[in-house]
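Colleague: Pasting a predicted model and its sequence here:
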Amino acid sequence: MTVQTLSVVVPVYNEVESLDRFVTELMETLQADSMAAYQSKVFLVDDGSTDGSVELERQLQKTWDGQLEVIELSRNFGKSAALRAGFDYSDSELVVTFDADGQDVPAELPRLLAALDEQGVDLMCGWRQTRIDRSVKRRTSKIYNWVTRKGSGLDLHDFNTGLKLLTRELVDALPLYGEFHRYVPVLAYDLGFRVGEIAVEHRPRTAGVSKYMSLSRFPKTFLDLFTVLFLTKFSNSPMYLFGGLGVALGGLGFVILSWLTFVKLVLGEGIGQRPLLMFGMLLTLVGLQLFMTGLLGDALRLSQASSRPTYRVRSSTLKA
Ligand code: UDP
Ligand code: MG
């Protein structure tokens with residue numbers, strides 16, 4: 001039997017009420033017979049908790065010495081940064097992420113592992129088919145998932161589940177900052193990785209509070225979506241977006257100004273009082289600016305060409 005290494009990365013931000021129970025349940029799963037083919041280690045990444053979670057984590061580390069590590073971030077950096085830290089500190093072949101609040105069910109892990117293998121993908125997402133959250137959250141999540149699906153072209157039900165299983169190759173390639181953890185499947189798909197999904201059980205939060213309650217989260221999420229879609233669709237050539245828009249708007253401006261020139265010179269009418277003159281000038285200028293922005297974007301892209309791979313090879317008859 002080949003044994004694979006597996007890291008369990010758990011971001012923790014003020015979860016003192018749920019953490020103990022969650023870790024106990026997680027450890028039970030990891031030690032079950034169905035997990036015998038995996039050598040696993042848990043990474044609790046504390047994201048600047050102030051409620052005593054840190055003390056609890058240290059205690060848990062002593063209880064599960066050798067099987068559980070604690071990484072304390074110096075302040076609250078957000079879930080994406082916490083996940084990235086866990087990814088960076090682990091070096092296993094597979095990585096699975098869980099929320100610390102107990103909403104994700106550890107016992108689903110073996111099914112996730114089997115599905116990753118069967119479907120031959122690099123990312124296996126848990127799909128919270130019967131999602132148990134407040135109705136406003138379920139509704140906003142529905143809209144968000146729909147927009148992300150349409151925007152990215154990736155056909156998933158649930159983009160922002162806490163429960164995800166990733167291969168090391170994907171983990172190493174993922175840019176994670178801001179609130180990008182919501183877009184891990186989109187980023188993975190864009191980088192050329194295969195993405196799969198299976199329905200998993202989802203439970204209500206039994207203790208503590210959601211860290212994403214405020215209404216300001218909703219517009220922020222969508223602004224992030226624009227960023228991600230821009231990065232995945234246009235970062236290779238900003239010129240296509242900005243230059244394209246610039247040419248369209250500037251072209252319209254040019255047509256308008258040409259027409260007005262004709263009116264003035266050939267028809268001999270005054271054009272100084274016509275609002276169309278303003279409009280034409282505005283369009284021409286905005287178009288020019290956008291075109292220049294596209295050029296700048298492409299120049300930036302060129303100077304950073306090494307930071308983002310331009311392709312990914314799945315397999316080759318040549319040895320790298
Ligand atoms: N979390 C984090 N940093 C933050 C916010 C949240 O590490 O700034 C963790 C949190 O402790 C939990 C997971 O991210 O383990 C998901 O958070 P939460 O359950 O509040 O999100 P929800 O399920 O309500 O979307
Ligand atoms: Mg939660």
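Modeller: Thanks, I have it. Just so we're clear, the structure is a prediction, and the values are computed from it rather than from any experiment. Ligands and ions are numbered 1, 2, ... in the order given.
Colleague: make it CA atoms for all contacts and neighbour counts henceforth
Modeller: Noted.
Colleague: can you list the residues of the chain near ligand 1?
Modeller: 11-13, 15, 47, 76, 78-79, 82, 99-101, 210-212 (C-alpha under 6 Å from any ligand atom).
Colleague: From these, list the buried ones, please.
Modeller: By neighbour count, with 16 or more other C-alpha atoms under 10 Å, those hold 11-13, 15, 47, 76, 78-79, 82, 99-101 as buried.
Colleague: okay, those residues in TSV with secondary structure and pLDDT next?
Modeller: Formatted as TSV, these follow (DSSP: H, G, I helix; E, B strand; the rest coil; pLDDT from 0 to 100):
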residue	secondary structure	pLDDT
Pro11	strand	97
Val12	strand	97
Tyr13	coil	96
Glu15	coil	96
Asp47	coil	96
Asn76	coil	94
Gly78	coil	92
Lys79	helix	94
Ala82	helix	95
Asp99	coil	95
Ala100	coil	95
Asp101	coil	92
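Colleague: ok, so of these, who is nearest Trp259?
Modeller: Nearest to Trp259 among these, counting by C-alpha to C-alpha, is Gly78 at 54.1 Å.
Colleague: pretty sure that closest one contacts Asp47?
Modeller: Yes - in this structure Gly78 lies within contact range of Asp47 using C-alpha atoms under 8 Å: 6.8 Å.
Colleague: Quick check: most distant residue from the centroid of this structure.
Modeller: What lies farthest from the middle of the chain is Gly268; by C-alpha atoms, centre = their mean that is 59.0 Å.
Colleague: ranges for the strands of this structure?
Modeller: 4-12, 38-46, 68-72, 94-97, 123-128, 164-167, 195-200 (DSSP state E).
Colleague: where along the stretch 51-200 of the chain do the helices fall?
Modeller: Using DSSP state H, counting those that start in this stretch, the helices of the stretch 51-200 of the chain run over residues 53-63, 79-89, 109-119, 135-152, 168-173, 184-190.
Colleague: looking at these, which has the lowest confidence?
Modeller: Among those, helix 135-152 carries the lowest mean pLDDT, a mean of 85.
Colleague: Check which helices and strands it sits against.
Modeller: Packing contacts for helix 135-152, counted by 3 or more C-alpha pairs under 8 Å, 6 or more residues apart in numbering; DSSP states H and E, involve helix 217-234.
Colleague: contact partners of the helix it packs on?
Modeller: Here helix 217-234 makes contact (C-alpha atoms under 8 Å, 6 or more residues apart in numbering) with 140, 144, 148, 151-152, 179-180, 183, 186-187, 190, 240-241.
Colleague: Return the set of buried residues in that helix.
Modeller: 221, 224-225, 228-229, 232-233.
Colleague: From the chain's centroid, how far away is that helix?
Modeller: Computed by C-alpha atoms, centre = their mean, to the nearest Å, the chain-centroid distance of helix 217-234 equals 10 Å.
Colleague: average model confidence for that helix?
Modeller: 79.
Colleague: try stretch 247-260
Modeller: Stretch 247-260 shows a mean pLDDT of 97.
Colleague: So which residues make contact with that stretch?
Modeller: Here stretch 247-260 has contacts from 271, 276-277, 279-288, 291, using C-alpha under 8 Å, 6+ apart.
Colleague: First residue to last residue on stretch 125-138, what's the distance there?
Modeller: 18 Å (C-alpha to C-alpha, to the nearest Å).
Colleague: just stretch 174-189 next, same as before
Modeller: 11 Å.
Colleague: which of the residues in it are buried?
Modeller: 174-176, 179-189.
Colleague: count of neighbours near Ser316?
Modeller: 7 (other C-alpha atoms under 10 Å).
Colleague: Apologies, that question was intended for Gly250.
Modeller: So Gly250, with other C-alpha under 10 Å, has 25 neighbours.
Colleague: just the one 3 residues further on next, same as before
Modeller: Residue neighbour count, defined by other C-alpha under 10 Å, stands at 24 for Gly253.
Colleague: now Ala81
Modeller: Neighbour tally, Ala81, other C-alpha under 10 Å: 22.
Colleague: circling back: any idea which of the strands of the chain is most buried?
Modeller: Of all these, strand 123-128 has the most neighbours on average by mean count of other C-alpha atoms under 10 Å, namely a mean of 26.
Colleague: need the longest helix for this protein.
Modeller: In the chain, with assignment by DSSP state H, the single longest helix is helix 275-303.
Colleague: quick one: contacts for the closest residue to Gln129 other than its chain neighbours?
Modeller: Leaving aside its sequence neighbours, Gln129 sits nearest to Ala199 (C-alpha to C-alpha, 6 or more residues apart in numbering; 5.7 Å). Going by C-alpha under 8 Å, 6+ apart, Ala199 touches 126-129.
Colleague: before we move on, back to that, only the buried subset of the contacts of stretch 247-260, as a ChimeraX command please.
Modeller: To isolate the buried members of the contacts of stretch 247-260 in ChimeraX, using 16+ other C-alpha under 10 Å:
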select :277,280,281,283,284,285,286,287,288,291
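Colleague: can you tell me which of the contacts of stretch 247-260 lies nearest to Ser90?
Modeller: Taking C-alpha to C-alpha as the measure, Ser90 lies nearest Phe291 of those, at 43.7 Å.
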